[in-house]
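**Q** Got a sequence here, can you model it:
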Amino acid sequence: MKRKYLILPFSLIIITGLAFFMNQQSDDLKKSEELRELHKQALENSPFKDTKNLTKE
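**A** Predicted structure coming up:
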């Protein structure tokens with residue numbers, strides 16, 4: 001009987017922790033995709049994109 005009372009809180013903690021972790025992962029992926037898109041736009045609009053591979057003379 002005592003075992004049932006111990007399993008319930010531990011299972012709730014584990015389920016809550018997994019749900020939180022999965023939610024954090026999806027938020028991080030969305031943020032990284034947004035940053036990747038911003039960096040792509042910045043590189044496309046860069047005035048220096050034609051000056052790649054310049055050598056010092």
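
**Q** Please, which helix or strand holds the residue most central in space within the chain?
**A** Geometric centre of the chain, nearest residue: residue 28, 2.1 Å, by CA atoms, centre = their mean. Secondary structure assignment for residue 28, by DSSP states H and E: helix 2-44.

**Q** burial of residue 26, as a residue count?
**A** 9 (other CB atoms under 10 Å). The C-beta positions use only the backbone N, C-alpha and C, and glycine is treated the same way.

**Q** how close does it sit to residue 19?
**A** Per CB to CB, to the nearest Å, residue 26 is found 11 Å from residue 19.

**Q** now residue 46
**A** On the measure of CB to CB, residue 46 and residue 19 end up 41 Å apart.

**Q** And for residue 3?
**A** Separation of residue 3 from residue 19 (CB to CB) stands at 24 Å.

**Q** In terms of neighbours, single out the busier of these two.
**A** residue 19 (10 against 7).

**Q** what's the more buried one in contact with, if anything?
**A** When contacts are counted by CB atoms under 8 Å, 6 or more residues apart in numbering, residue 19 touches no other residue.

**Q** Also residue 43?
**A** residue 49.

**Q** Kindly state the pLDDT recorded for it?
**A** Note on residue 43: pLDDT of 82.
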